[in-house]
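K.L.:
Starting from these lines, generate the structure:
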Amino acid sequence: MKGSKIIAIVGMPGSGKSTCVNFFKKNGLNEIYFGGIVVDTVRERGLVVNEVNERVVREELREIEGMAVMAKRSLPKITALIENNQNVIIDDMYSFDEYKLLHDEYDDRLFVVAVVTPREIRHNRLAIRPNRPLTAREAHSRDISQIENLDIGGSIAIADYYLPNNASLEELTNKLDVLLEKLDI
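P.N.:
Reported below is the predicted structural model:
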């Protein structure tokens, strides 16, 4: 695979997506954070950034502008990076419509990585994370919301690579090193 690439990280909350994104950023990829659109909109509305407000805004944006809204709004940034021969890491791609839009736009430059982790491990991670920790009830609610309202299942199902993340950080890093080599980045 020669030329610049777009790596989209997908997975359920607490699977380790942010850890993977940080790994790719440390290895020279430029981050496009779809979730930043939601957080910025929450702040613009003068609301507290929390799970409830983020969900309301995320679902409202998708209802008004379509399920691919985050990808649509990010296309100019992604395209500019690709045109400058830069590799891109996309954090927070959810809906299958986002995948389809990115695939239609970038075709073989797009590589989807699904980070998969058992629910119990994910929920435990979410409870102790320093940034926006979730209670067990909030974690379950977010899982259901992402499946039912954000159509995350399709993006996970169509992934090019599945990255199990249910062990140590060292093991995950080793898997990411292998993937980086495979992608020739």
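K.L.:
Would you mind measuring from the residue of the chain most remote from its centre to Val57?
P.N.:
Distance from the centre of the chain peaks at Gly46, with 24.8 Å (Cα atoms, centre = their mean). According to Cβ to Cβ, to the nearest Å, Gly46 stands 12 Å off from Val57. Placement of C-beta: from N, CA and C, glycine included.
K.L.:
So which bits of the top strand by length along the chain are buried?
P.N.:
Using DSSP state E, we find that the single longest strand of the chain is strand 110-116. Buried residues in strand 110-116, counted by 16 or more other Cβ atoms under 10 Å: 110-116.
K.L.:
what packs against that strand?
P.N.:
For strand 110-116, the contact count by 3 or more Cβ pairs under 8 Å, 6 or more residues apart in numbering; DSSP states H and E identifies strand 6-10, helix 17-26, helix 96-106, helix 152-157, strand 161-164 as packing neighbours.
K.L.:
Identify the residues contacting stretch 157-177?
P.N.:
The set of residues external to stretch 157-177 that reach it, using Cβ atoms under 8 Å, 6 or more residues apart in numbering, is 10, 15-16, 19-20, 23-24, 96, 99, 111-118, 121, 179, 182.
K.L.:
Mark which of these are buried, thanks.
P.N.:
Here, 16+ other Cβ under 10 Å leaves 10, 15-16, 19-20, 23-24, 96, 99, 111-117, 179 buried among those.
K.L.:
So which residues of the protein form helices?
P.N.:
Remark: helices assigned in the chain by DSSP state H are 17-26, 34-44, 51-65, 69-83, 96-106, 119-128, 136-148, 152-157, 169-182.
K.L.:
Reformat those as CSV; add distance to Ile89 and mean pLDDT.
P.N.:
Output for these, formatted as CSV (distance: least, Cβ to Cβ, whole Å; pLDDT from 0 to 100):
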stretch, distance to Ile89, mean pLDDT
helix 17-26, 4, 96
helix 34-44, 11, 95
helix 51-65, 20, 90
helix 69-83, 10, 96
helix 96-106, 13, 97
helix 119-128, 20, 96
helix 136-148, 20, 91
helix 152-157, 15, 94
helix 169-182, 11, 95
